[in-house]
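Peer 1: predicted model and sequence follow; I will ask about them next.
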Amino acid sequence: MRIARSNCGERAPALTSNAFDPFALIRSILGPRGFALADAPPDAELRALLQLGETAASAGPSVAVALSAITTPRVRALFAGRQTTFRTASGLRFTVDGHDVFAATLSAGYLPEGRDFEAFMQLVRPGSVVVDVGANFGLYALSAALYARPRGKVFAFEPAPDAFALLEQNIAENGLRALVTARPAAVGATAGRAQFYVGRDVSFSSLHRTRRLEEGAKPVDVDVVALDEALAHLPSIDLLKIDVEGGEGDVLRGARELLGRSRAPIVQFEFSHKNLDEARRAAFDETIALLGGDGFRIYRRDAASPVAPPDPSEAFSGNLFLAREGESAERLLRALDRTRKGAPDARDLGALALLRRIAEQNEALQHAELMQREVIQVADSIVGEGVSDGSEAVRAMQQAWLETRKRALDAENQVNSLTASVEGRNRFLEQSAEKIAALREIDAKLRARIEALEAALQAAQEKINATRAEYEQLRARLKASETKREYLIKVAKRVQARYEALAARLGEEAAAEPAAEDETTSS
């Protein structure tokens, strides 16, 4: 596959642990540790939209879905599934797969879990031992190695073959082979072999068939290791990051001894109900209970004390943290507090209001489409043939009504002709009358549904028109603000010019006054 050139300019100098620079270490310790591109984003408007992600998620699932429907197609189209590269402000350079929407989003300049990433990196200290399970192309592993220099160590595990190849490439290109050890393996409760399902978005790949995994996921045979065995030579670890799409409980169960002998370990792991069926949820709860007996507690961003695992009724998807009560919990809570999100600014609130309107319109349109499908099903049952195009629903209902009316008239004619028949056919007449009554009842229901559908469609159109009008007003206000800004700049320039001219003139007059006094004295 061809590697696309990025807009990052010349290649960043490779980081190397052999040529240790103490000043670089001090800068890395004191400097900010959040994710940021070293260069301008390839699409500034797209990055601005992506940065609304956390605010939209806090506003509710429907708002987050509305934003994702806008940004995800643009992110996918930005790199068109090709490999690309980007540089971070910390000096790292990454080659990533544009097919992976997570990697493409990073290349666009936004990290969805940015605050958790920054908190995790703040917990890394020189000499830290860090384990990255589900390393992908190496964002966490290489960033942690940067802050763990010069004597730290990072162990990265990634079973997806293409992602592991990129991980190895990024380690080499950044000169971090002495610090990062990568292994092409999945991590579970016990060692062995298993099928690993690789999706188009490698970030959703998993040992399990999850709801996030698309139907076309390709199974590959991979090695599975348990951390207790794979890292048995380590006396202690400091940080463990887990992102394995539903297998978090298995990873933790297989790392219980390692965590138990570590002095003050902190674990960050992804949690989503979409990745857990009943069996995996039960196994996860059992593992958390075992670790709870070892002194570990679950912590969550924006909660100052330990919490229970998210309830299945709660729409939670994000990172959770494990730490023992005491030193490690205090360090974790300080890092989470330092990376707390501030209040959204006015622009974010305005964009959020628009997203809410879009979400409301989407819900109204979905309701209208549901009604259309119901109408089509009723029309099918009467007309006797399917209506494939939803936009023809009203026409189908009219046809259904005509057919119903025709059948009713035919039935009435049959009744009239049967009244002159023999008494042996009276029962047949009664059955025909019942059919006529049923057809008339169906006709009334169809009319009522058509009226309700038309009202729903009209209401949805009115909401769309209102939102468009508000959008145009916002654009007009923005344009007016830009015009005022340009005018103020021009006025400021004219005032500056006048000020400079006046200053020059005053200088000339001040210089002329001593000369005049000298002439008066001499005369």
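Peer 2: Good, I have the coordinates.

Peer 1: where does the stretch 301-450 of the chain dip in pLDDT?
Peer 2: 343-349, 351-352, 355, 359, 367-369, 371-401, 404-405, 408, 411-433 (pLDDT under 70).

Peer 1: now the strands for it?
Peer 2: Here the stretch 301-450 of the chain has its strands, by DSSP state E, counting those that start in this stretch, at 317-324.

Peer 1: so who does A226 touch?
Peer 2: Applying CB atoms under 8 Å, 6 or more residues apart in numbering, we find A226 in contact with V187, G188, A189, T190, A191, G254, A255. In this view, the C-beta of every residue, glycine as well, is placed from N, C-alpha and C.

Peer 1: next: L488.
Peer 2: Contact criterion CB under 8 Å, 6+ apart gives no residues in contact with L488.

Peer 1: check which helix or strand it maps to.
Peer 2: helix 426-522 (DSSP states H and E).

Peer 1: again with H233
Peer 2: Here H233 is assigned to no helix or strand, by DSSP H and E.

Peer 1: roughly how far does it sit from V129?
Peer 2: 11 Å (CB to CB, to the nearest Å).

Peer 1: same thing with A460?
Peer 2: In terms of CB to CB, A460 sits 57 Å off from V129.

Peer 1: sec struct for F86, please.
Peer 2: Under DSSP: H, G, I helix; E, B strand; the rest coil, the three-state class of F86 is strand.

Peer 1: list the contacts for it?
Peer 2: S6, C8, L37, A38, D39, R93, F94, V96, L106, S107.

Peer 1: what of Y471?
Peer 2: By CB under 8 Å, 6+ apart, Y471 lies in contact with L354.

Peer 1: per-residue pLDDT, it?
Peer 2: With respect to pLDDT, Y471 scores 83.

Peer 1: same question, the one 3 residues further on
Peer 2: Model confidence at L474, given as pLDDT, is 85.

Peer 1: count residues in the vicinity of the closest residue to it other than its chain neighbours, would you?
Peer 2: In this structure, L474 finds its nearest non-sequential neighbour in G350, 7.1 Å apart by CB to CB, 6 or more residues apart in numbering. G350: 13 surrounding residues under other CB atoms under 10 Å.

Peer 1: what's the distance between G350 and R324?
Peer 2: Separation of G350 from R324 (CB to CB): 44 Å.

Peer 1: now F120, nearest residue through space, not along the chain?
Peer 2: The nearest residue in space to F120 (CB to CB, 6+ apart) is Q268, at 5.5 Å.

Peer 1: what is the neighbour count of the one you found?
Peer 2: Around Q268 there are 23 residues (other CB under 10 Å).

Peer 1: next one: S90
Peer 2: A total of 21 residues lie near S90 under the criterion other CB under 10 Å.

Peer 1: and for the one 5 residues further on?
Peer 2: With neighbours defined by other CB under 10 Å, the count for T95 comes to 20.

Peer 1: just the one 5 residues further on next, same as before
Peer 2: A total of 27 residues lie near D100 under the criterion other CB under 10 Å.

Peer 1: neighbour count: H233 and V129, which is higher?
Peer 2: Legend: neighbour count by other CB under 10 Å for H233 and V129, higher for V129 (22 against 5).

Peer 1: quick one: the spatially closest residue to that one that is not a sequence neighbour and R340, what's the gap?
Peer 2: Distances taken as CB to CB, 6+ apart put I237 closest to V129, at 4.7 Å, once the chain neighbours are dropped. I237 is 26 Å from R340, where distance means CB to CB.

Peer 1: so for these two, which sits in the more crowded spot?
Peer 2: Neighbours were counted for I237 and for R340 using other CB under 10 Å; I237 has more, 24 against 10.

Peer 1: quick check: the more buried one vs A119, distance?
Peer 2: 18 Å.

Peer 1: need the contact list for L139.
Peer 2: Applying CB under 8 Å, 6+ apart, the residues near L139 are F35, F94, L106, L111, F117.

Peer 1: so the third one makes contact with V96?
Peer 2: Yes: L106 is in contact with V96 according to CB atoms under 8 Å; the separation is 6.9 Å.

Peer 1: thinking P61 is in contact with A315, fair?
Peer 2: Yes: counting by CB under 8 Å, A315 is a contact partner of P61 at 5.3 Å.

Peer 1: wait, the residue nearest to V129 sits on P265?
Peer 2: Yes: between I237 and P265 there is a contact at 5.6 Å, judged by CB under 8 Å.

Peer 1: who touches both of these two?
Peer 2: Shared contacts of I237 and P265, counting by CB under 8 Å, 6+ apart, come down to L259.

Peer 1: how about stretch 222-240: buried residues?
Peer 2: Using 16 or more other CB atoms under 10 Å as the test for burial, stretch 222-240 gives 222-228, 230-231, 237-240.

Peer 1: now, which of those lie within strands?
Peer 2: Judged by DSSP state E, strands contain the following of the buried residues of stretch 222-240: V222, D223, V224, V225, L239, L240.

Peer 1: pLDDT wise, what is the fifth one at?
Peer 2: Put plainly, it is L239. pLDDT, L239: 98.

Peer 1: excluding covalently adjacent residues, which one is nearest to it?
Peer 2: Closest residue in space to L239, ignoring its immediate chain neighbours: V130 at 4.6 Å, by CB to CB, 6+ apart.

Peer 1: quick one: which helix or strand includes that neighbour?
Peer 2: strand 129-133.

Peer 1: show me what that strand is packed against.
Peer 2: helix 139-148, strand 153-157, strand 239-242 (3 or more CB pairs under 8 Å, 6 or more residues apart in numbering; DSSP states H and E).

Peer 1: and the ones you listed as TSV, adding distance to L439?
Peer 2: Putting the helices and strands packed on strand 129-133 into TSV (distance: least, CB to CB, whole Å) gives the following:
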stretch	distance to L439
helix 139-148	66
strand 153-157	67
strand 239-242	63
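
Peer 1: quick one: which of these is nearest A77?
Peer 2: helix 139-148 (22.3 Å; CB to CB).

Peer 1: could you give the angle of the closest one to strand 153-157?
Peer 2: Relative orientation of helix 139-148 versus strand 153-157 (axes from the mean of the first three to the mean of the last three CA atoms, to 10 degrees): 170 degrees.

Peer 1: how far off centre is helix 139-148?
Peer 2: Centroid separation for helix 139-148 versus its chain: 22 Å, with CA atoms, centre = their mean, to the nearest Å.

Peer 1: equivalent analysis for stretch 185-203, please.
Peer 2: On CA atoms, centre = their mean, the centre of stretch 185-203 falls 22 Å from the chain's centre.

Peer 1: would you put the C-alpha positions of that stretch in PDB?
Peer 2: Output of stretch 185-203 as PDB, limited to C-alpha atoms (Å, rounded to 0.1, in the frame of the first residue of the first chain):
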ATOM      1  CA  ALA A 185      -0.400 -11.400  20.600                       C
ATOM      2  CA  ALA A 186      -3.800 -11.000  22.100                       C
ATOM      3  CA  VAL A 187      -4.100 -10.900  25.900                       C
ATOM      4  CA  GLY A 188      -6.600 -12.900  27.900                       C
ATOM      5  CA  ALA A 189      -7.100 -14.900  31.100                       C
ATOM      6  CA  THR A 190      -5.000 -17.900  30.000                       C
ATOM      7  CA  ALA A 191      -2.500 -18.600  27.300                       C
ATOM      8  CA  GLY A 192      -3.300 -20.400  24.000                       C
ATOM      9  CA  ARG A 193      -4.500 -19.800  20.500                       C
ATOM     10  CA  ALA A 194      -7.800 -18.200  19.400                       C
ATOM     11  CA  GLN A 195      -9.500 -16.500  16.500                       C
ATOM     12  CA  PHE A 196      -9.200 -12.800  16.400                       C
ATOM     13  CA  TYR A 197     -11.800 -10.800  14.400                       C
ATOM     14  CA  VAL A 198     -10.200  -8.000  12.500                       C
ATOM     15  CA  GLY A 199     -12.600  -5.300  11.300                       C
ATOM     16  CA  ARG A 200     -12.200  -2.500   8.800                       C
ATOM     17  CA  ASP A 201     -11.900  -0.200  11.800                       C
ATOM     18  CA  VAL A 202      -9.100  -2.100  13.500                       C
ATOM     19  CA  SER A 203      -9.900  -0.200  16.700                       C
END
